[in-house]
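In: mind looking at a prediction? Sequence and model below.
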Amino acid sequence: MKFTIREGKPEDCKDIERMIMELAVYEKMPDQVKISHKELERDGFGPNAYYKFLVAEVPEEQKSKDGYTKVGYALFFYTYSTWKGRVVYMEDLYVMPEYRGKGIGKALMANVAKVGKEKECVRLQLSVLDWNKPSLEFYLAKGAEDLTAKEGWHHIRFHGEALNNLAQEAP
């Protein structure tokens, strides 16, 4: 199968919004998605972009049954480890079901790693749901380490009321 991986552009955001919702449905959390292509455009482009993304695209003759040529994406951003230095964090890796198993996900992830290495990142981090065994096995087969199993790390989140309450405690 022919496909290309390229840097995302503002005009891709409607397709990214569509695939974010497809991913959320797969992860059994569609009610959690609260952003649209407008926030994606605002937050991903301009002088203070919060994230970047790559798009997997197929030729018109290989478009999906619903007529899409943008069939996958990887969304990532940079963070920092006080122990190791620069880190690239891959928030999402998604390929439409009919295009899985064709090397697109591997190519997206490898390109995120390449971009990270070009920015002198020392590691690529991501999260995967505990029930998502196919994805976990995919990452482990590529050499990733499961830090929950190996080191016991838990990912913690403050949001909504808890985030508001914590912020109000600031002196």
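Out: Everything's here; your move. Residues are numbered from 1 along each chain as shown.

In: report the buried residues of the helix or strand of the chain with the lowest mean pLDDT.
Out: Every helix and strand of the chain was ranked by mean pLDDT, DSSP states H and E. The lowest is helix 147-151, at a mean of 90. Residues of helix 147-151 classed as buried: none (neighbour count, 16 or more other CB atoms under 10 Å). Using the backbone N, CA and C atoms, a C-beta is placed for each residue, glycine as well.

In: the chain: strands as residue ranges?
Out: With DSSP state E as the criterion, the chain has strands at 4-7, 52-57, 70-81, 85-95, 123-125.

In: so how far is residue 17 from the residue nearest to residue 76 when sequence neighbours are not counted?
Out: What sits nearest to residue 76 in space, not counting adjacent residues and going by CB to CB, 6 or more residues apart in numbering, is residue 90, at 4.6 Å. Distance, residue 90 to residue 17, using CB to CB, to the nearest Å: 18 Å.

In: between those two, which is the more surrounded one?
Out: Under the criterion of other CB atoms under 10 Å, the comparison of residue 90 against residue 17 puts residue 90 first, with 21 against 18.

In: right, I'll leave it there.
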